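**Student:** Model the following, please.
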Amino acid sequence: MSAVEAFVDLLAARLDPAALAPRDWEGVTGVARSEAMLATLAHRLDGAVLPPAIAALFADQRAAAEVAQRQALWEAEMARRALAPVGIEFVLLKGAAYAAAGMACAAGRQIGDLDILVLAADIRRAENALLKAGWEWVKSDPYDDHYYRAHMHELPPMIHKARDRMIDVHHTILPKTHRVTPDALALVSDAVTSVDGHAVLCPADMAVHCAAHMLADGDLQGGLRNLWDFHAMTRDFAATDAGFWGRLDGRAALHGLQAAVHRAARLSRDLYGSQLPEAWDRSDPADAWFRRRLMARDDWGRVTQPLLEQAFYIRSHWLRMPPAMLAKHLWTKWRKR
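**Tutor:** Coordinates of the predicted model:
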């Protein structure tokens, strides 16, 4: 069994941690670090009998993750204080949203940037309010700035000059040039309030966004983590709402993302053992390529299939923009390097 297979099986509770030899743990932790899931694995195996060194490492990871989540939620509060005075409300996305909602997939999840969603009509005012509150641009390149504003689903990234924390301000969840156009107004209008008072996407939209981020707007970097998010949230949503899968299918159709959502469900079944309703429990030969991409790591956590990785990188750009624009963009980026 490879290290990445052992890692996935540990998360899925198919492998007893006691069955691993000390040298096996080196590979498992290497993969977990590469996927930014070391603290996730630590939470998953909390209470298990582990080698002393691994138990100590996991304890440190759980403690660090708790601090990081508090920092992320504090950053969300800082954004609220900057935007509320000018009447702009926002919806938390991704890791900060999972933490704010107290979701199981937030346990141990690394949270980097603060991702928020505002109405497109508010994007300029939000930008000005954040600049006045101490955020500044990360990228000063004129081409990158134009590319974000003309074609992307978010402002250029910003970082706070004092706290050194980044914020991504979205006005939708896929680039403007993408072949799929989600209903951004519905995302904001149907948002719900989390236990700590922050607005987050409704459960079905949260799962749709997770699948879109992984499969419709990316090259599967960090794919095992994003797939774990999808697996954990759909499992928990379905446990409390018997009609969840039907609602998810409806919202996926609304946003034009049924293919991505259904593939995410099948992949989470194949890797993490998700239980799917009959209408979802199908097969697709193309899923094999996605599984290969997700599992392409050696015992050091390094990518083992660089050509496949490059193919998914090209695919991600192909989905994002028309061929002529893609060629121009890649040529410009290559020249700038």
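
**Student:** Next, the residues that contact stretch 237-248 from outside, please.
**Tutor:** Applying Cβ atoms under 8 Å, 6 or more residues apart in numbering, the external contacts of stretch 237-248 come out as 203-204, 207-208, 234, 261, 276-277, 279-280. All C-beta spots, glycine's among them, are computed from the backbone N, C-alpha and C.

**Student:** Enumerate the positions of stretch 287-303 that are buried.
**Tutor:** The neighbour-count check on stretch 287-303 (16 or more other Cβ atoms under 10 Å) flags 290, 293-297, 299, 301 as buried.

**Student:** could you point out where the stretch 201-337 of the chain is predicted with low confidence?
**Tutor:** Along the stretch 201-337 of the chain, the model assigns pLDDT under 70 to residues 324, 326-337.

**Student:** which SSE is the residue nearest to the spatial centre of the chain in?
**Tutor:** Nearest to the mean C-alpha position of the chain, counting by Cα atoms, centre = their mean, stands N226 at 4.8 Å. For N226, the enclosing helix or strand under DSSP states H and E is helix 223-240.

**Student:** what's the burial count for V86?
**Tutor:** 12 (other Cβ atoms under 10 Å).

**Student:** tell me the pLDDT at it?
**Tutor:** Predicted confidence (pLDDT) for V86: 96.

**Student:** And for D144?
**Tutor:** For D144, the predicted pLDDT is 79.

**Student:** Contact partners for it?
**Tutor:** D144 neighbours (Cβ under 8 Å, 6+ apart): P156.

**Student:** Give me the buried positions along the helix or strand hosting it.
**Tutor:** Remark: D144 resides in helix 142-151, with elements defined by DSSP H and E. By neighbour count with 16+ other Cβ under 10 Å, helix 142-151 contains the buried residues 144, 147-148.

**Student:** any idea which of those is closest to I116?
**Tutor:** Closest approach between those and I116, by Cβ to Cβ: Y148, at 15.4 Å.

**Student:** so of the contacts of stretch 237-248, which ones are in helices?
**Tutor:** If you go by DSSP state H, these have 203-204, 207-208, 234, 261 in helices.

**Student:** Next up, phi/psi of the nearest residue to V138 once chain neighbours are set aside, please.
**Tutor:** Counting by Cβ to Cβ, 6 or more residues apart in numbering, V138 lies nearest to P157, which is 4.5 Å off, once chain neighbours are set aside. Per-residue torsions, P157: phi -60, psi 150 (degrees, to the nearest 10).

**Student:** Next one: P157 from L93, what distance?
**Tutor:** Here P157 is placed at a distance of 14 Å from L93 (Cβ to Cβ, to the nearest Å).

**Student:** now swap in R302 and tell me
**Tutor:** R302 sits at a distance of 30 Å from L93 (criterion: Cβ to Cβ).

**Student:** So which residues of the chain form strands?
**Tutor:** Secondary structure of the chain, counting by DSSP state E: strands at 91-93, 114-117, 135-137, 158-160, 166-170, 192-193, 199-200.

**Student:** related to what we said a few turns ago, per-residue confidence for the residue nearest to V138?
**Tutor:** 92.

**Student:** so it sits right up against I167, yeah?
**Tutor:** Yes. Counting by Cβ atoms under 8 Å, P157 does reach I167; the two are 7.5 Å apart.

**Student:** So which of these two has more stuff around it?
**Tutor:** I167 (23 against 16).

**Student:** What is the burial count for the closest residue to the more buried one other than its chain neighbours?
**Tutor:** Spatially, and ignoring its direct neighbours in sequence, I167 is nearest to L114 (4.6 Å; Cβ to Cβ, 6+ apart). Using other Cβ under 10 Å, the number of residues around L114 comes to 26.

**Student:** again with A63
**Tutor:** Neighbours of A63 (other Cβ under 10 Å): 12.

**Student:** contacting residues for it?
**Tutor:** Going by Cβ under 8 Å, 6+ apart, the list of residues near A63 is empty.

**Student:** H43 versus that one, what's the distance?
**Tutor:** 11 Å.
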